[in-house]
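# Got a sequence here, can you model it:
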Amino acid sequence: QVQLVESGGGWVQAGGSLRLSCAASGRTFSSYVMGWFRQAPGKEREFVAAISWSGDSTYYVDSVKGRFTISRDNAKNTVYLQMNSLKPEDTAVYYCARGLLLTKRATSYDRWGQGTQVTVSP
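Modelled structure (predicted):
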């Protein structure tokens, strides 16, 4: 059973940076697309970014383009989300997920982590 464990969340002031990590168990990590989603209180889960199995292709929601960078290290079974110039509206629980397609559709991802809280104060 694949497990995804996020870390790196926390509290930061607006304009600051955080780097999230998601460590995956199992030996098939490099075969899958990996994505990051987020869910703010009272809102639906929202796609943030995704990266192809090789790392050659990435996909971002418009609101984070130029501020967030997704990357992966297949040797470490880990995917990262570098978040710069954070805004209060980025406050949410961030989840990593494993998928088959480079897409923003949550239904295309079949394994999810438990999430890590990111709080950005004004």
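# beta partners of residue 51?
Here residue 51 sits in beta bridges with residue 34, residue 58, as judged by DSSP bridges.
# what number of residues lie near it?
The number of residues packed near residue 51 is 24, by other Cβ atoms under 10 Å. Heads up, the C-betas are built off the backbone N, CA and C, glycines and all.
# From the centroid of this protein, which residue is nearest?
Geometric centre of the chain, nearest residue: residue 36, 2.5 Å, by Cα atoms, centre = their mean.
# Figure out the helix or strand that that one lives in.
Using DSSP states H and E, residue 36 sits in strand 33-39.
# returning to that earlier point: the residue nearest to the centre of the chain against residue 98, yeah?
No: the criterion here is Cβ atoms under 8 Å, and residue 36 misses it with residue 98 at 11.4 Å.
# circling back: now the residue nearest to the centre of the chain, nearest residue through space, not along the chain?
Counting by Cβ to Cβ, 6 or more residues apart in numbering, residue 36 lies nearest to residue 48, which is 4.3 Å off, once chain neighbours are set aside.
# Which residues are in contact with the one you found?
35, 36, 37, 38, 60, 61, 64, 68, 81, 94 (Cβ atoms under 8 Å, 6 or more residues apart in numbering).
# same check, this time on residue 26
Counting by Cβ under 8 Å, 6+ apart, residue 26 makes contact with 2, 3, 77.
# For it, give me phi and psi.
Here is the backbone geometry of residue 26 (degrees, to the nearest 10): phi 100, psi 170.
# again with residue 69
Torsion angles, degrees, to the nearest 10, at residue 69: phi -130, psi 130.
# How about residue 29?
Dihedral angles (degrees, to the nearest 10) for residue 29: phi -50, psi -50.
# What distance do you get for it to residue 58?
17 Å (Cβ to Cβ, to the nearest Å).
# higher neighbour count, those two?
residue 29 (22 against 15).
# That one and residue 55: what is the separation?
Distance, residue 29 to residue 55, using Cβ to Cβ: 12 Å.
# What of residue 20?
Using Cβ to Cβ, residue 20 is found at 16 Å from residue 55.
# Compare those two (neighbour count), which wins?
Taking other Cβ under 10 Å, residue 20 and residue 55 do not tie; residue 20 has more neighbours (24 against 15).
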